[in-house]
Structures are given as structure tokens and as C-alpha cells.
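[1] My questions concern the predicted model and sequence given below.
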Amino acid sequence: MDASDPTEVRILIVDDHPIFRAGLKEILKADPRLKIVGEAGDGPAALALLPSAKPDVVVLDLSLPGMDGLELASRLQKRTPSPAVVALTMHREDSMVNAALDQGVRGYLLKESATDELLRAIRAVLAGETFISPVLTGALLRRARRTNRLHEKSPSLDRLTPTELRVLKLIAKNKTSRQIAELLFISPRTVETHRAHIAEKLGLRGPQALLRFALEHQDEL
């Protein structure tokens, strides 16, 4: 970050290991702009801190007890304004990277790389960019290729609104309309309307056609 910029950046740390949280705080002290406004050991505690902490960035472990980091990231995206999320994890699998990005995570780095990459990740997400640990960039490239291939096969996907695309991704996770409604804070009837519009735009007919399409292309959405 530009040291001449006096803007304060408020950071909330969420990790269930106090020793690891202490290590993160030491890393963050290297930039005087960063102010640690709170720390929590689990998702509910983090959500309880949000009104007073008002973080710009939440640095969280994906493997939290109870409410996992993906669910917490999803809930953070529903806040107004929503903080940028930087996820720390031991997971290298493409599926976990994809799941995190689908939940609005903007930074994804391995815990073993936190010392070298955390400040870079925070700079990136504050600039509106996505940061993925360099050792994992292959996962991001594979995700982009799969998405591009799907859009080439089904160009009508470009006609979907952001909300419709999000509904489609949740259908691909085999969520019911009621579950989708709860996650998006809308009514089940509104979800059904979205489903109908998605199916119409994609030219899908039949009671299970949309579900089959979503499940078939789960990894490409």
C-alpha cells in the first residue's frame, strides 16, 4: 500500500487458534495503515463484532468450528457495506478455491504463505482485485477455462442477471428453492420466478431440465 496514503484500513481477524492470530497481528503491524479492530475464534463471534468493528477487510480461516469459513464469507457478502474477505487455509484443492470464490472471497492464500503474501493479498482486495496464492494460480486458470467453454457452448448464459446466475449456482449445489430463498434473503416465490426466467433464457424445458443442467455444469459455473 502507498505509505503516503493516510487512509486507515480496518482489519478483523477470524481464526480459532490464538497463536496463529497472534502471528497474523505481527505480520499486519508491518503496515501502519492497517488497524486491527477485532479478533474472533468462530463465525458467530465474528458476526457479533461487525457492528462495532466495521472492518474493511476480514481475514478468516476457512476451517472454523461450527459455522465454517465459507458460510461466514457468504454472510459477510450480505452486509452493507460488505467487507473484502481474505481466506487463509491449508486446502489446495480446486474445489475449495472455486467454492471460496463463489462465496465472494477475494483473497485466497495458504497459511504456510501468510508471512509472504498476506499484505499483498490485502493490497489487492482493497484495489478491487482478486488475489490467489501464486502456487494455486493453476486452479484459477482452470476455472476460467471451464467457464469460458461453458459460455461458448451455452451463450445464453450471458443473458442471465447477476442474481439469476447466483440462483443457478445454488441450484447446482442442489439447494431447494426454500434454501436459496433463505441464503439470498428473498421469498421462495421470487426464487421460483428466477428459476422460470433462467430456464426460459437457457431454452430448458421440462420439470427437471434446469436442475440437470446445473448439476451437469456445477464445476463450470
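    Arrived safely.
[2] which ones are touching Ile198?
    Neighbouring residues of Ile198 by Cβ atoms under 8 Å, 6 or more residues apart in numbering: 160, 164, 167-168, 204, 210. (Each C-beta comes from the backbone N, C-alpha and C, glycine too.)
[3] switch the cut-off to 6 Å
    Ile198 sits next to 164, 168 when contact means Cβ atoms under 6 Å, 6 or more residues apart in numbering.
[4] what distance separates the helix or strand encompassing it from the centre of its chain?
    Using DSSP states H and E, Ile198 falls within helix 188-202. Helix 188-202 has its C-alpha centroid displaced from the chain centroid by 24 Å (Cα atoms, centre = their mean, to the nearest Å).
[5] Tell me which helix or strand comes right after it.
    Heading C-terminal from helix 188-202 (DSSP H and E), you reach helix 209-216.
[6] Outline the domain layout of this protein.
    By the assignment in automatic domain parsing, the chain contains the domains 9-136, 152-216.
[7] Please convert those to JSON lines, extending it with mean pLDDT.
    Formatted as JSON lines, the domains of the chain follow (pLDDT from 0 to 100):
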{"stretch": "domain 9-136", "mean pLDDT": "91"}
{"stretch": "domain 152-216", "mean pLDDT": "86"}
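[8] what's the most buried one of these?
    Highest mean neighbour count among the domains of the chain (mean count of other Cβ atoms under 10 Å): domain 9-136, with a mean of 18.
[9] what's the span of that domain, first residue to last?
    27 Å (Cα to Cα, to the nearest Å).
[10] Off-centre distance for that domain?
    Domain 9-136 sits 10 Å away from the centroid of its parent chain (Cα atoms, centre = their mean).
[11] which residues in the chain form strands?
    Along the chain, counting by DSSP state E, strands occupy 9-14, 34-40, 57-61, 84-89, 107-110, 131-132.
[12] Make CSV from those strands and add distance to Ser95 to it.
    Shown next, in CSV, are these (distance: least, Cβ to Cβ, whole Å):
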stretch, distance to Ser95
strand 9-14, 22
strand 34-40, 26
strand 57-61, 18
strand 84-89, 12
strand 107-110, 13
strand 131-132, 14
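[13] These: which one's closest to Gln179?
    strand 84-89 (21.8 Å; Cβ to Cβ).
[14] elements contacting that closest one?
    Judged by 3 or more Cβ pairs under 6 Å, 6 or more residues apart in numbering; DSSP states H and E, strand 84-89 is in contact with strand 57-61, helix 114-126.
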